[in-house]
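Pasting the sequence and the predicted coordinates here, then a few questions.
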Amino acid sequence: MKIKVWRYLSLSLAVVGTMAFSSCDDDDDDMVPEPDDIVDVVVENPNFSILESAVITAGLDDDLSGTGPFTVFAPTDAAFGDFISDNGLTADALLSSADLADILSYHVVSGNVTSADVEAGPVTSLTGDMFYVSVDPDGGIWINGNTMITAVDEMASNGVIHTLDYVITAPTQSIAEIAVASTTAATPEFTQLVAALTRAGLVDAVSGGMDDNLTVFAPTDAAFQDLYDALGVSGVDEIDIDLLTDVLTYHVVPARAFSQDLRDGAELPTLLEGQNLTVDLPGLTINESSLVPSMLNIHATNGVIHVIDQVILPE
């Protein structure tokens, strides 16, 4: 999946929906029309036509018409279109995918979670997999770092719908697996990082499961080459092992922090004891190492990767 450029957009949290009252005659009690259920709301919204087809094709329409309550994070047709294009699919291929029900269920949470109830942190979907909610400095609400909630609180009789600008998917690779896979890409990015982690015996440290919750600020191959030039060495094998270990652990924060979770001036503790990283949002830097905007929020099973253009040396 392509990674979207880091955006800070303000989100106006507007409550949608009014109570309508009607009376047939003077002898009838005021009647409050029953709100449509979630499937009805999706069907009636022209921006959800692909979602409607997907829900019916996956056989989830009966479930989402049930008692619930459910909270649905609903991608628009444009969101599905971007997802389909980014992943080299067609709409028919998506609808015939064996993973369709799981993809949709990852967008559904048990319970009635309105915008007023949304908090930053992990949320368990109907698949049992977690997704992660972030709130940026402007109040925008994001999921997994790359998908924004663009409208909130479309109420239904059995829950609530929030609109998304992209399809969310659960990560399938650890930080280490993503880095290793990149070394064989058409344009390798983390060849030197993987070599450094391997030499320092730290591959297992970034290979854990969902509970590890790490953030890795990952230097590019060009960043490592600049380090080699500065140290007067030809490669990672010539760097003192203790120094190398300190440098690498200084790039790892023991928490899952998407770019929207970062705050200007924040001090981030690292795995290198007693050493923090400093966030400069206006400059898009971490300790004067620039974040690469197109390579932020790379979501892994055990955390998140942000790519940086310099290796950061501890004090």
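On my side now, so go ahead. Just so it is clear, the structure is predicted and the values come from calculations on it, not from any experiment. Numbers count the residues shown, from 1 in each chain.

Which residue, other than its chain neighbours, is closest to residue 231?
Nearest non-adjacent residue to residue 231, counting by CB to CB, 6 or more residues apart in numbering: residue 239, 6.6 Å away. In this view, the C-beta of every residue, glycine as well, is placed from N, C-alpha and C.

list the contacts for that neighbour?
By CB atoms under 8 Å, 6 or more residues apart in numbering, the contact set of residue 239 is 196, 231, 233, 247.

Of those - the most surrounded one?
residue 196 (24 neighbours; other CB atoms under 10 Å).

which element is that one on?
Assigned by DSSP states H and E, residue 196 falls within helix 191-199.

what does that helix rub up against?
176, 179-180, 182-183, 203, 206, 218-219, 221, 224-225, 235-237, 239, 241, 244, 247-248.

Filter those down to the buried ones.
Among the contacts of helix 191-199, those buried by neighbour count (16 or more other CB atoms under 10 Å) are 176, 179-180, 182, 203, 206, 218-219, 221, 224, 236, 239, 244, 247-248.

Can you flag which of these belong to helices?
176, 179-180, 182, 221, 224, 244, 247-248 (DSSP state H).

Which one of the buried ones among the contacts of helix 191-199 is nearest to residue 100?
Nearest to residue 100 among those: residue 182, at 28.1 Å, using CB to CB.

I'd say the closest one and residue 173 touch.
No - contact status for residue 182 versus residue 173: not in contact, 10.4 Å apart, counting by CB atoms under 8 Å.

what mean pLDDT does stretch 157-172 have?
The average pLDDT within stretch 157-172 is 97.

Dump it to PDB, restricted to CA.
C-alpha atoms of stretch 157-172 as PDB (Å, rounded to 0.1, in the frame of the first residue of the first chain):
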ATOM      1  CA  SER A 157     -30.900   2.800  14.800                       C
ATOM      2  CA  ASN A 158     -28.200   0.300  15.600                       C
ATOM      3  CA  GLY A 159     -25.100   2.400  15.800                       C
ATOM      4  CA  VAL A 160     -23.100   5.200  14.200                       C
ATOM      5  CA  ILE A 161     -21.100   5.800  11.100                       C
ATOM      6  CA  HIS A 162     -17.900   7.900  10.600                       C
ATOM      7  CA  THR A 163     -16.600   8.600   7.100                       C
ATOM      8  CA  LEU A 164     -13.100   7.700   6.000                       C
ATOM      9  CA  ASP A 165     -10.900   9.100   3.200                       C
ATOM     10  CA  TYR A 166      -9.100   5.700   2.700                       C
ATOM     11  CA  VAL A 167      -9.500   2.000   3.300                       C
ATOM     12  CA  ILE A 168      -7.800   0.800   6.400                       C
ATOM     13  CA  THR A 169      -6.100  -2.600   6.500                       C
ATOM     14  CA  ALA A 170      -4.400  -4.500   9.400                       C
ATOM     15  CA  PRO A 171      -0.600  -4.700   9.100                       C
ATOM     16  CA  THR A 172       0.900  -8.200   8.300                       C
END
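
wait, residue 241 sits on residue 200?
Yes - the criterion here is CB under 8 Å, and residue 241 meets it with residue 200 at 6.6 Å.

possible to save the contacts of residue 239 as CSV with distance to residue 168 and pLDDT?
Listed next are those as CSV, based on distance: CB to CB, whole Å; pLDDT from 0 to 100:
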residue, distance to residue 168, pLDDT
196, 32, 98
231, 41, 96
233, 42, 97
247, 34, 98
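
any chance of those residues in CSV, with distance to residue 122 too?
Below are the contacts of residue 239 laid out as CSV (distance: CB to CB, whole Å):
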residue, distance to residue 122
196, 30
231, 39
233, 41
247, 30
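
and which of these is nearest to residue 288?
Nearest to residue 288 among the contacts of residue 239: residue 247, at 15.0 Å, using CB to CB.

what about that closest one, distance to residue 138?
Applying CB to CB, to the nearest Å, the value for residue 247 to residue 138 is 34 Å.

circling back to that earlier point, which of the ones in helices among the buried ones among the contacts of helix 191-199 lies closest to residue 112?
Within those, the smallest distance to residue 112 is 38.3 Å, found for residue 176 (CB to CB).

residue boundaries of the helices in the chain?
With helices called from DSSP H, the chain shows them at 38-44, 49-57, 61-64, 77-86, 91-95, 100-105, 175-182, 191-199, 221-231, 241-249.
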